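[1] Sharing a sequence plus its predicted fold:
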Amino acid sequence: KDFTSDQEVRWCPGCGDYAILAAVRQFMPSLGVKRENTVFVSGIGCSSRFPYYMNTYGMHSIHGRAPAIATGLAVSRPDLSVWVVTGDGDALSIGGNHLIHALRRNVNLKILLFNNRIYGLTKGQYSPTSEQGKITKSTPYGSVDYPFNPVSLALGAEATFVGRALDSDRASLTAVLKAAAEHRGTALVEIFQDCPIFNDGSFDLLRKPDTKDQRLISVTHGEPIRFGPPLDDGKGAYAVVREGFGLGIAKADEVDEADIVVHDQTDHNLAFALSRLSDQDLNHTVVGIFRSVERPTYDDAVRAQVEQAKKDKPADLQALLNGQDTWTVVG
Ligand code: SF4
C-alpha cells in the first residue's frame, strides 16, 4: 500500500506544497520503512497540514515546537523514521530556538523547511525569509528586516546534513530528500516553495530558462562547480572559484580547471561559503547537498546514558522512578 492517505488535500490551486507532497509520497516506499514506522510531525502553517495527507502516523502539533516533539519521539522510539514538516514562519520565527537546538544536538530526524518567503496561512504578512523591501499587508512601505538564510543558519548551528531544493524540480528534490532520509542525525532540507496566492512567482528566476542559467548552481559531491548555459565543450559557462577566504564567480573558459572549486560535502567552510554566495535577489543560488558528515546522535547518546544509569545505580534509579528524593549526584 502506498503512502497516500484518504484525506482530501486542501491547499490553494497551484501551491508548491502539492509538488513536494507528490515527491515525498513517491520516494518514501523506496526507503523500505513501513508506513506504521514512519511519523510526520508538523507545527502550524500551510505546510503543516502535511501529516494529514500521508498514510503514516502524524501529529499536527504546536506552533514552532515540532522539532521538540519530534526529538522526544526520536529518543524514545529508535525504531521510527521521524520527519518534521515546517515553514519559514513556523521554523524561523516562533520556532527558531527549537530548530537550532535540534540541529546542534544532531537528533535522528529529518526536517523539511518549506520556504515560501511569506506567511500564507495568515494571509500574506512578511516572514523571516522575506527579502528586504518586500511590500506585504504588514509592510506597506516595504520590509526593513534583514532575512534569514536557512542554510547558513543550519550550518552555523553545526547541522550534520544541510540541503536545498526547488519544489518544481522533482529529480533533484527527490535526490536530496532521499539522502536526508538515509542520514543518521538531524537533516535539514530547505525547499523553495511557491505560494501563488500571496507571493506569486517568488522563485521564478530559478525556474525560467532565460534566467535560471545565470542564477542557479547545482552542486554534486566530488564534481567541479560549474553552471550556466553550456559552452561548446558541454561545460558550464561559469565556474565557482576560490577568492581569498571566500568564493567568487568566473567565466569557465577564462580559468584553469585546477582553479575551479570541487564540491566536498564534508568541508564545513566550503558549505558555508556556498550558502553565502546567493543574495536576496536569488543570484548564485546553490541547490543540492551543502553538508553531510557523521557525528554521534543525541538520541543514541541519551539511550546509552539511560542504560548506563540503570546498570550503575539500580537502587537510586528505582527510587527516582518511584518519586522518592534519594538520587545522589556523584562526580
Ligand atoms: Fe499554498 Fe500560499 Fe495557499 Fe498557503 S496560502 S496553501 S502556501 S498557495
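    Good, I have the coordinates.
[2] What about Ala157, how many residues nearby?
    Using other Cβ atoms under 10 Å, Ala157 is surrounded by 17 other residues. (C-beta placed from N, C-alpha, C; glycine too.)
[3] oh, I was asking about Thr220
    Residues lying near Thr220 (other Cβ under 10 Å) number 14.
[4] for Arg164, helix, strand, or coil?
    strand (DSSP: H, G, I helix; E, B strand; the rest coil).
[5] ok, now which ones touch it?
    151, 176, 189-192, 286-288, 290 (Cβ atoms under 8 Å, 6 or more residues apart in numbering).
[6] Considering those, which is situated nearest to Ile20?
    Minimum separation from Ile20 among those (Cβ to Cβ) is found for Ile191, which lies at 5.8 Å.
[7] Where does that closest one fall, secondary structure wise?
    strand 187-192 (DSSP states H and E).
[8] touching the ligand at all, that strand?
    No. Using Cβ under 6 Å from any ligand atom, we find that strand 187-192 stays clear of the ligand, coming within 12.0 Å at best.
[9] wait, doesn't Val302 sit right on Ala74?
    No. Using Cβ atoms under 8 Å, Val302 makes no contact with Ala74, being 9.6 Å away.
[10] Please enumerate the strands of this protein.
    38-42, 57-60, 81-87, 110-115, 161-166, 187-192, 216-219, 226-230, 236-243, 246-251, 285-292 (DSSP state E).
[11] Pipe those into a markdown table and attach distance to Ala315 per row.
    Formatted as a markdown table, the strands of the chain follow (distance: least, Cβ to Cβ, whole Å):
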| stretch | distance to Ala315 |
| --- | --- |
| strand 38-42 | 35 |
| strand 57-60 | 37 |
| strand 81-87 | 34 |
| strand 110-115 | 40 |
| strand 161-166 | 41 |
| strand 187-192 | 40 |
| strand 216-219 | 55 |
| strand 226-230 | 64 |
| strand 236-243 | 60 |
| strand 246-251 | 58 |
| strand 285-292 | 44 |
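[12] circling back to that earlier point, and Val302 and Ala74? which has more neighbours close in?
    Legend: neighbour count by other Cβ under 10 Å for Val302 and Ala74, higher for Ala74 (27 against 16).
[13] Hmm, Asp299 and that one touching each other?
    Yes. The pair Ala74 and Asp299 qualifies as a contact (Cβ under 8 Å) at a distance of 4.9 Å.
[14] Could you name every residue contacting both of these two?
    107-108.
[15] one step back: could I get the strands of the chain as TSV with distance to Thr136 and mean pLDDT?
    Shown next, in TSV, are the strands of the chain (distance: least, Cβ to Cβ, whole Å; pLDDT from 0 to 100):
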stretch	distance to Thr136	mean pLDDT
strand 38-42	23	98
strand 57-60	25	98
strand 81-87	15	98
strand 110-115	15	98
strand 161-166	22	98
strand 187-192	18	98
strand 216-219	25	98
strand 226-230	31	94
strand 236-243	33	96
strand 246-251	31	95
strand 285-292	22	98
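[16] Please identify which of those strands is closest to Gly32.
    That would be, of these and by Cβ to Cβ, strand 81-87, which comes in at 10.0 Å.
[17] Provide the strand pairings for the closest one, with the direction of each partner.
    strand 38-42 (parallel), strand 110-115 (parallel) (DSSP bridges).
[18] so where's the protein uncertain?
    For the chain, applying pLDDT under 70 flags the ranges 1, 314, 316, 321, 324-331.
[19] change it to 80
    Scanning the chain for pLDDT under 80 picks out the ranges 1, 313-331.
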